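Novice: Sequence below, structure please.
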Amino acid sequence: MIRMSFPGLLAATFALALPALAEDVTIATAKGDVTLPASPAKVVALDLAAIDSLTALGVSLVGVPDNLYVDYLGGVAASATKVGTLFEPNLETLAGLAPDLIIAGGRSASQVEALAPVATTIDMTIWEDLPTEARARIDAYGKLFGKADKAAEMIATLDAKTAAAKAAVAGKGNALIIQTNGPKVSAFGKGSRFGWLHTALDLPEAHENLNPETHGDSISFEFIAEVNPDWLIVIDRGAAVGEGAAAQATLDNPLVAGTTAGKTGHIVYLSPAPVYIAGGGFTSMGKTLDELTAAFSK
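Specialist: Okay, the predicted model is just below:
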């Protein structure tokens with residue numbers, strides 16, 4: 001029989017009572033590798049793509065922006081505390097939550113410095129190479145929250161959906177990606193926020209060398225008629241944010257109808273909020289890819 005001294009017994013008791021310290025894990029962020037305590041318990045996410053992928057991964061969030069725009073995140077919107085807008089987080093509310101980690105990105109990326117005094121904050125922006133960065137973020141979240149196997153499954157799902165969409169568009173002609181904002185129309189090509197639809201799917205551009213700036217190239221209906229795309233891929237910003245005329249009404253004119261896309265019924269209206277607001281999220285990407293596969297397979 002082993003006898004333990006009182007000090008030894010006391011030390012052992014305290015050791016059993018104390019929670020195990022979380023191990024550190026190093027993950028990739030938009031600003032480089034960052035080392036953090038693994039599996040943070042109280043997490044606030046301010047970026048829609050991050051909220052999308054974290055929810056799909058099974059990570060619970062204690063705080064999110066006051067409007068998540070996409071219907072498939074309704075459960076998160078109902079359960080988490082509202083902590084300001086996508087652009088302006090409420091620092092007082094955040095401080096009251098005392099989160100272990102704040103995940104910013106995209107529209108909230110400019111707030112990282114202001115958020116740092118409240119809690120450890122990481123920038124998980126997805127921008128330049130959306131498919132690659134989206135997969136990298138899912139991989140990082142998997143490592144951080146001890147869900148690497150689930151993350152690998154999600155990445156494999158995106159790979160399969162991308163392959164299906166790529167096969168569907170092959171040999172079907174070129175496309176012009178446009179965004180409507182009420183009566184205004186912009187075009188987006190390779191290198192732009194929606195350019196991944198061209199590069200990831202090998203979908204030829206109907207018009208090359210478009211401006212890759214955030215808001216795209218402002219265009220006219222005459223431009224669309226002159227380019228004469230085989231396919232028009234449409235993103236309705238007004239519908240995405242709940243304002244402005246519908247894209248179908250904006251594009252209902254003879255110049256658009258006279259294009260190859262108009263004559264053949266090859267005008268694809270993507271679900272706007274997922275691609276415009278939550279672009280790079282797991283569910284968002286999957287939905288967009290599924291819609292393109294269905295449209296080009298008809």
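Novice: shouldn't I155 be in contact with A140?
Specialist: No - using CB atoms under 8 Å, I155 is not in contact with A140; the gap is 11.4 Å. Where C-beta positions appear, they are placed from N, C-alpha and C, glycine not excepted.
Novice: Who has more neighbours out of the two?
Specialist: A140 (21 against 17; other CB atoms under 10 Å).
Novice: buried stuff in the host helix or strand of the more buried one?
Specialist: For A140, the host element (DSSP states H and E) is helix 130-144. Buried residues in helix 130-144, counted by 16 or more other CB atoms under 10 Å: 130-131, 133-144.
Novice: Let's have these in TSV, adding pLDDT.
Specialist: Listed next are the buried residues of helix 130-144 as TSV, based on pLDDT from 0 to 100:
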residue	pLDDT
L130	95
P131	96
E133	97
A134	98
R135	98
A136	98
R137	98
I138	98
D139	98
A140	98
Y141	98
G142	98
K143	98
L144	98
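Novice: What is the nearest of the residues you listed to Y269?
Specialist: L130 (19.9 Å; CB to CB).
Novice: Contacts only, for that closest one.
Specialist: By CB atoms under 8 Å, 6 or more residues apart in numbering, the contact set of L130 is R193, W196, A200, G279, G280, M285.
Novice: With L46 instead?
Specialist: V64, P65, V83, G84, L86, P89, I102, I103, A104, G105, S108, Q111.
Novice: Help me confirm that the last one is found in a strand?
Specialist: No - according to DSSP: H, G, I helix; E, B strand; the rest coil, Q111 belongs to no strand; its state is helix.
Novice: Give me the neighbour count for it.
Specialist: 20.
Novice: With L197 instead?
Specialist: 25.
Novice: Ok, D100 next?
Specialist: Neighbours of D100 using other CB under 10 Å come to 17.
Novice: Find the helix or strand that D66 is a member of.
Specialist: With DSSP H and E as the test, D66 turns up in no helix or strand.
Novice: quick one: it and E88 touch, right?
Specialist: No - in this structure, D66 is not within contact of E88 by CB under 8 Å, at 10.2 Å.
Novice: What separates the first and last residues of stretch 73-87, distance-wise?
Specialist: End-to-end distance for stretch 73-87, by CA to CA, to the nearest Å: 18 Å.
Novice: scratch that, stretch 258-271
Specialist: End residues of stretch 258-271 are separated by 24 Å (CA to CA).
Novice: ok now it, how far from the chain's centre?
Specialist: On the basis of CA atoms, centre = their mean, to the nearest Å, stretch 258-271 is displaced by 26 Å from the centre of the chain it belongs to.
Novice: I'd like the average pLDDT over stretch 253-263.
Specialist: Averaged over stretch 253-263, pLDDT sits at 98.
Novice: domain ranges for this structure?
Specialist: What automatic domain parsing lists as the domains of the chain is 15-146, 164-297.
Novice: lowest confidence element among the helices and strands of the chain?
Specialist: Using mean pLDDT, DSSP states H and E, the weakest-scoring helix or strand in the chain turns out to be helix 6-17, at a mean of 40.
Novice: That concludes my questions; thank you for your assistance.
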